[in-house]
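Trainee: Quick check, what structure comes out for this input:
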Amino acid sequence: MTARRSALFTPADDAGMLRKAVETEADAFVFDLEDAVPADGKAAARANLRDVVPALDTDREIAVRVNAVGTEQFVDDVDTAVDCGADAVALPMVESGEDVRTAWAAITDRTDDPPRLRVTIETPTGMHAGVGIADACRETGAESLSFGFADYCKAVGAPGTPDRIRARLELLTTEYAAMADVDPVGSVHLDIDDTEGLRRVAERARETGFVGMTAIHPAQLSVINDVFSPDEEEVAQARRLVEAYDASDRDSLRVEGVFLDTATVDRYRRVLERAEE
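Mentor: Below is the predicted model of the structure:
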């Protein structure tokens, strides 16, 4: 899998913003046809994507966030994502494995070279269907699993966006992503000016197992990229530990005070893999 520390959301109804997005330091982009675009602007936003995306000079991943399965915009959105050559389709409001399979069928019916799926769970119904969603992700062309923090808080009637809810969603999402064998991607930090809070959220997400995080403003990208990049000391230690374990004929040993067995050394192998990506 390609490393995507950061993915920048950009509304598709603003062609200028789409072009400027690829000038940022984001590892990937999510061009939005859903929440960021009003109902009367959907058609113009689709036209923007068909016009702008093929002309963009970037080899970084471009995803198009479509409206949810079952909405009247879904089919037209999928057609647009395929026509403009998007690398991925970001699928919101997923509440069942059938939603994932329906979306994948719609995509693969349109092309023999389908974009990948970036699946997002945003409701209690979706979270409770997480095992089935993970199964569907594993069976289809899914590459990542995320959660929608703001929509989930709205669904449960939370006043604001409590951190305790976010922490619970992080744990569930990484578990479902592990079941699906896809990348877990953290949800956006909604306060653009709260750099300290963004770093805290990103660091906890990384500790929980997330490989990256979405952003709603370019100003958030440097912090996100920094947090999700293994530092030189971390990579050097991981390399020493893996080399020592591989050179040993034992199933478990202690190196530099760290206990290593098959399970723990694989964690250090993943650090090296991410650093290489």
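Trainee: all strands for the stretch 51-200 of the chain, in order.
Mentor: With DSSP state E, counting those that start in this stretch, the ranges of strands along the stretch 51-200 of the chain come out as 61-65, 88-91, 116-121, 142-147, 183-186.
Trainee: Which neighbouring elements make contact with the last one?
Mentor: In terms of contact count using 3 or more C-beta pairs under 8 Å, 6 or more residues apart in numbering; DSSP states H and E, strand 183-186 is assigned the packing partners strand 142-147, helix 163-180, helix 195-208, strand 212-215. C-beta: built from backbone N, CA, C; applies to glycine.
Trainee: residues of the third one that come out buried?
Mentor: Spelled out, that is helix 195-208. By neighbour count on 16 or more other C-beta atoms under 10 Å, the buried set for helix 195-208 is Leu198, Arg199, Val201, Ala202, Arg204, Ala205, Arg206.
Trainee: That helix - what's its average pLDDT?
Mentor: Across helix 195-208, the average pLDDT comes to 96.
Trainee: what does the last one give?
Mentor: pLDDT averaged over strand 212-215 equals 98, rounded to a whole number.
Trainee: Tell me the neighbouring strands of it, and mark each as parallel or antiparallel.
Mentor: Take DSSP bridges as the rule and strand 212-215 pairs in its sheet with strand 6-11 (parallel), strand 183-186 (parallel).
Trainee: on that earlier part again, looking at the buried residues of helix 195-208, which one is closest to Glu95?
Mentor: In terms of C-beta to C-beta, no member of the buried residues of helix 195-208 lies closer to Glu95 than Ala205, at 23.0 Å.
Trainee: Can you tell me, leaving aside adjacent residues, what's nearest to the closest one?
Mentor: Leaving out its chain neighbours, the residue that sits closest to Ala205 by C-beta to C-beta, 6 or more residues apart in numbering is Gly186, at 4.0 Å.
Trainee: quick one on the thing from earlier: could you dump the helices and strands packed on strand 183-186 into a markdown table and include distance to Leu91?
Mentor: As requested, the helices and strands packed on strand 183-186 are exported to a markdown table (distance: least, C-beta to C-beta, whole Å):
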| stretch | distance to Leu91 |
| --- | --- |
| strand 142-147 | 9 |
| helix 163-180 | 13 |
| helix 195-208 | 21 |
| strand 212-215 | 14 |
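Trainee: So which of the ones you listed is nearest Val100?
Mentor: strand 142-147 (6.7 Å).
Trainee: Now do the closest one and strand 61-65, the angle between them.
Mentor: Relative orientation of strand 142-147 and strand 61-65, computed by axes from the mean of the first three to the mean of the last three C-alpha atoms, to 10 degrees: 60 degrees.
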